[in-house]
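Visitor: Structure for the following, please:
(one chain, ligands or ions: 1)
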Amino acid sequence: MEGFDASSYGESFADVYDDWYSDVSDVEGTVTTIAELAAGAPVLELGIGTGRLALPLARRGLEVHGIDASPAMVDRLRAKPGGEAVAVVVGDFADVAPRVEGGFGVIFVAYNTLFNLPSAEAQRRCFANVAARLRAGGAFVVEAFVPSPEPDATTGTVTPSVVDANRVVLHVTRRHPATQTVDGSIVSITEDGIRLRPWHIRYARPPELDSMAAAAGLTLEQRHAGWRGEPFTSASTRHVSIYRAPA
Ligand SMILES: C[S@@+](CC[C@H](N)C(=O)[O-])C[C@H]1O[C@@H](n2cnc3c(N)ncnc32)[C@H](O)[C@@H]1O
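Guide: Next up is the predicted model:
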């Protein structure tokens, strides 16, 4: 997507993120699962954002670290109660991850955030960097949607979500099946002007993620359809996958 980089999503959504997405995924289930897996060891969240998941995790007494490319998202996290206790690095999670003595017990990337990495190559690099920063037997947890089979020739959509007398909001997407990418923008139009909130994802099916993990030396240990142990089946639309580093 022309003009879009690692910080673009966060920079354009930070002002509305907590209002729009506070319950976009299962916070309680995520926090419980990650805390159990960590068993007191340090945890790293990739794409930590405004701390929607990291802050409740830190409140459970865990040492929580994060990385995010968007200073605007990180500023919001730091301004919240408890935000100063979370160690955050501003950077691209494909390349950089904080280090802790002995390695992280758990690294996780929630709610489709892995797909914010724009190419298969960046996603592979992410798996390799994660593997290098986990302690022996540590877990990498990925939550993502299961992409549906490639659609027919219809690759673009425009869906209105608000049509008021003084404001229109359009959700615009264009899908590129050959590269498994989707370009999108939430376009708010008022008499004062137009506000674009762009996003871009590179989606991957679970078997592709498993082979990226295997190439990094991580083994799939469990896959569920959610954070509460829901069985994963061929009809599941989401997955929570737990990969393990060698003991
Ligand atoms: C959908 S938000 C998720 C935030 C948080 N994990 C949550 O669940 O609420 C995605 C986050 O990933 C960050 N992000 C996207 N691409 C990134 C990249 N390549 N490197 C680091 N952070 C990135 C964005 O700035 C944003 O804060």
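
Visitor: Distance-wise, check Ala215 relative to Pro71.
Guide: 32 Å (C-beta to C-beta, to the nearest Å). Any C-beta I mention is one placed from the backbone N, CA and C, and that applies to glycine too.

Visitor: same check, this time on Glu2
Guide: From Glu2 to Pro71 the distance is 22 Å (C-beta to C-beta).

Visitor: Comparing those two, which residue is more hemmed in?
Guide: A side-by-side neighbour count of Glu2 and Pro71, using other C-beta atoms under 10 Å, places Pro71 first with 14 against 5.

Visitor: Assess the claim that the more buried one and Gly91 are in contact.
Guide: No - using C-beta atoms under 8 Å as the test, Pro71 is too far from Gly91 to be in contact (10.7 Å).

Visitor: Would you mind naming what in the chain lies close to the ligand?
Guide: 6, 9-10, 47-49, 52-53, 67-70, 73, 92-94, 110-111, 113, 116-117 (C-beta under 6 Å from any ligand atom).

Visitor: Just the ones in helices from those residues, please.
Guide: Secondary structure defined by DSSP state H assigns 9-10, 73 of the residues of the chain next to the ligand to helices.

Visitor: Format these as a markdown table; extra columns: distance to Arg135.
Guide: Below are these laid out as a markdown table (distance: C-beta to C-beta, whole Å):
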| residue | distance to Arg135 |
| --- | --- |
| Tyr9 | 30 |
| Gly10 | 28 |
| Met73 | 27 |
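
Visitor: For the longest strand belonging to the chain, buried residues please.
Guide: What stands out as the longest strand in the chain, according to DSSP state E, is strand 134-145. Buried residues in strand 134-145, counted by 16 or more other C-beta atoms under 10 Å: 134-135, 138-144.

Visitor: host element of the closest residue in space to Tyr111 that isn't next to it in sequence?
Guide: The shortest distance from Tyr111 to any non-neighbouring residue, by C-beta to C-beta, 6 or more residues apart in numbering, is to Ser25 (4.5 Å). Using DSSP states H and E, Ser25 sits in no helix or strand.

Visitor: and the gap between Ser25 and Asn112?
Guide: 9 Å.

Visitor: swap in Ser188?
Guide: Ser188 is 22 Å from Asn112, by C-beta to C-beta.

Visitor: Quick check: the most centrally placed residue in the chain vs Gly91, distance?
Guide: What sits nearest the mean C-alpha location of the chain, by C-alpha atoms, centre = their mean, is Thr113, with 1.8 Å. Per C-beta to C-beta, Thr113 is found 14 Å from Gly91.

Visitor: where do the strands sit along this protein?
Guide: Counting by DSSP E, the chain has strands at residues 43-46, 64-68, 87-90, 104-109, 134-145, 156-163, 167-176, 181-190, 193-202, 219-224, 238-244.

Visitor: Any chance of CSV for the ones you listed, columns mean pLDDT?
Guide: As requested, those are arranged in CSV below (pLDDT from 0 to 100):
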stretch, mean pLDDT
strand 43-46, 98
strand 64-68, 97
strand 87-90, 96
strand 104-109, 98
strand 134-145, 98
strand 156-163, 95
strand 167-176, 95
strand 181-190, 96
strand 193-202, 96
strand 219-224, 98
strand 238-244, 98
